[in-house]
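> here's my sequence, what's the structure:
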Amino acid sequence: MAQRATKLTAPAVHVRKSSRLHRHEIIRIVAFILLLLFVIVWVIPFAWALDTSLKPEGETTIVPISWLSSHFNLDSYGQVLADGNIPRWYLNSMIVSCVVTLSTVVLGSLAAFAFSQVRFHGRTIVFWVIMAGIMVPGQMLIVPLYTMMNDWNFVDSYWGVILPQIANPIAVFVFKQFFDGIPHELSDAAVLDGCSKFRIYWRVWMPLATSATAAVAIFSFVWSWNNFLWPLIVIVSTDMMTLTLGLGTVLSNYGIQYAYIMASAVLAAIPILVVFAIFQKQIVQGIASSGIKG
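The predicted structure follows:
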């Protein structure tokens with residue numbers, strides 16, 4: 001009887017497995033198609049900007065619109081490079097973005113480690129006060145921040161651009177979510193070995209948080225690199241301008257000339273594209289791991 005029951009149920013089990021595999025394949029195909037559509041939506045604007053930047057100015061407004069040109073050239077790039085101090089602006093943006101990124105990672109991870117692993121009175125209240133900063137629009141802080149930078153003589157300096165950008169509540173949140181998933185037994189074992197709190201943070205927690213660190217670092221770099229409003233407020237001299245601010249100043253001399261505008265946009269986007277191309281895996285891992293709580 002047992003053998004007969006097995007013979008009867010085996011085809012049913014096989015059918016169920018085949019059905020699950022079939023559904024799984026359908027889900028994968030649908031997911032692939034959706035992701036492909038998202039890629040196309042993201043790539044087309046950049047491809048159009050690149051195509052427009054290579055056209056003569058007279059062909060950028062031809063109707064009907066065409067991807068082709070009678071004479072692709074680099075004249076718009078040459079004009080932008082000639083009219084602006086691009087190397088200096090690149091250097092300024094790189095210095096500001098790198099220092100902001102490093103400071104955001106260090107301060108955000110230290111604060112998150114304290115909220116996650118150190119017991120002190122009012123910890124929850126202080127954490128939610130910091131999280132409330134996410135809801136405050138940056139435009140509301142321009143006047144007090146500029147007043148502070150002016151009082152400290154940081155206007156038209158690197159520090160004037162950097163300091164207001166390093167306090168990032170989102171970085172604290174991402175690191176805390178990751179640290180909350182790390183077993184407390186690791187800290188207990190490190191304490192038994194004679195490690196201080198800072199050594200536990202530096203030698204145990206941070207090596208485990210590489211994905212969260214990468215995600216925070218990349219998003220901080222991109223946000224700082226693209227920041228236009230605050231440098232516009234605090235920077236006065238041309239030599240201290242960041243790339244986005246400098247290119248915006250150059251474009252104001254052209255008026256509505258689409259080839260020059262698109263050439264400037266491509267020049268500003270190149271570092272961001274390189275960062276995402278190199279660290280895309282770390283970005284995905286960081287976003288995924290920051291939402292997991294053990």
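
> please make it C-alpha for all contacts and neighbour counts, starting now.
Noted.

> quick check: residue 55 vs residue 68, distance?
9 Å (Cα to Cα, to the nearest Å).

> compare the two (neighbour count), which wins?
residue 55 (23 against 11; other Cα atoms under 10 Å).

> any idea how far residue 273 is from the more buried one?
If you measure residue 55 against residue 273 using Cα to Cα, the figure is 22 Å.

> and residue 174, by the same measure?
Applying Cα to Cα, the value for residue 174 to residue 273 is 23 Å.

> the more surrounded of these two?
For residue 174 against residue 273, the residue with the higher neighbour count under other Cα under 10 Å is residue 174, and the figures read 22 against 12.

> against residue 120, how distant is that one?
In this view, residue 174 and residue 120 are 21 Å apart by Cα to Cα.

> where do the helices sit along the stretch 151-294 of the chain?
Listed in chain order, the helices of the stretch 151-294 of the chain (DSSP state H, counting those that start in this stretch) span 158-162, 169-180, 184-192, 197-200, 206-208, 210-226, 229-234, 243-251, 258-290.

> run a quick neighbour tally on residue 191.
By the criterion of other Cα under 10 Å, residue 191 has 14 neighbours.

> returning to that earlier point: what's the closest of the helices of the stretch 151-294 of the chain to residue 100?
Comparing the helices of the stretch 151-294 of the chain by their distance to residue 100 (Cα to Cα), the top pick is helix 158-162, with 5.9 Å.

> pull out the buried residues from stretch 181-200.
Neighbour counts over stretch 181-200 (16 or more other Cα atoms under 10 Å) mark 182, 187, 190, 195, 200 as buried.

> thought the third one was touching residue 200?
Yes. The pair formed by residue 190 and residue 200 meets the contact definition of Cα atoms under 8 Å, at 6.6 Å.

> want to throw the helices of the stretch 151-294 of the chain into JSON lines with mean pLDDT?
Compiled in JSON lines, these are given as follows (pLDDT from 0 to 100):
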{"stretch": "helix 158-162", "mean pLDDT": "93"}
{"stretch": "helix 169-180", "mean pLDDT": "88"}
{"stretch": "helix 184-192", "mean pLDDT": "78"}
{"stretch": "helix 197-200", "mean pLDDT": "84"}
{"stretch": "helix 206-208", "mean pLDDT": "86"}
{"stretch": "helix 210-226", "mean pLDDT": "88"}
{"stretch": "helix 229-234", "mean pLDDT": "92"}
{"stretch": "helix 243-251", "mean pLDDT": "80"}
{"stretch": "helix 258-290", "mean pLDDT": "74"}
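
> distance to residue 77 for those - can I get that in TSV?
What follows is the helices of the stretch 151-294 of the chain, written out as TSV (distance: least, Cα to Cα, whole Å):
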stretch	distance to residue 77
helix 158-162	27
helix 169-180	36
helix 184-192	54
helix 197-200	49
helix 206-208	42
helix 210-226	20
helix 229-234	23
helix 243-251	12
helix 258-290	6
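
> who wins for proximity to residue 112 among the ones you listed?
Going through the helices of the stretch 151-294 of the chain one by one, with Cα to Cα as the measure, helix 169-180 comes closest at 4.6 Å.

> quick one: the closest one to helix 210-226, angle?
Going by axes from the mean of the first three to the mean of the last three Cα atoms, to 10 degrees, helix 169-180 is angled at 180 degrees with respect to helix 210-226.

> what is helix 169-180 packed up against?
Packing contacts for helix 169-180, counted by 3 or more Cα pairs under 8 Å, 6 or more residues apart in numbering; DSSP states H and E, involve helix 86-117, helix 123-132, helix 210-226, helix 258-290.

> try 10 Å this time
Packing partners of helix 169-180 (3 or more Cα pairs under 10 Å, 6 or more residues apart in numbering; DSSP states H and E): helix 86-117, helix 123-132, helix 206-208, helix 210-226, helix 258-290.

> which one of the ones you listed is the most hemmed in?
Per-stretch averages of neighbours, counted by mean count of other Cα atoms under 10 Å, single out helix 210-226 among these, with a mean of 22.

> please save the CA atoms from that one in CSV.
Output in CSV follows, covering the C-alpha atoms of helix 210-226 (Å, rounded to 0.1, in the frame of the first residue of the first chain):
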residue,chain,number,x,y,z
THR,A,210,32.0,47.8,4.6
SER,A,211,28.8,47.7,2.6
ALA,A,212,27.1,50.4,4.7
THR,A,213,30.2,52.5,4.5
ALA,A,214,30.3,52.2,0.8
ALA,A,215,26.7,53.2,0.4
VAL,A,216,27.0,56.2,2.7
ALA,A,217,30.3,57.3,1.1
ILE,A,218,29.0,57.1,-2.5
PHE,A,219,25.7,58.9,-1.8
SER,A,220,27.6,61.6,0.2
PHE,A,221,30.1,62.1,-2.6
VAL,A,222,27.3,62.3,-5.3
TRP,A,223,25.3,64.7,-3.2
SER,A,224,28.2,67.0,-2.4
TRP,A,225,29.5,66.9,-6.0
ASN,A,226,26.0,68.0,-7.3
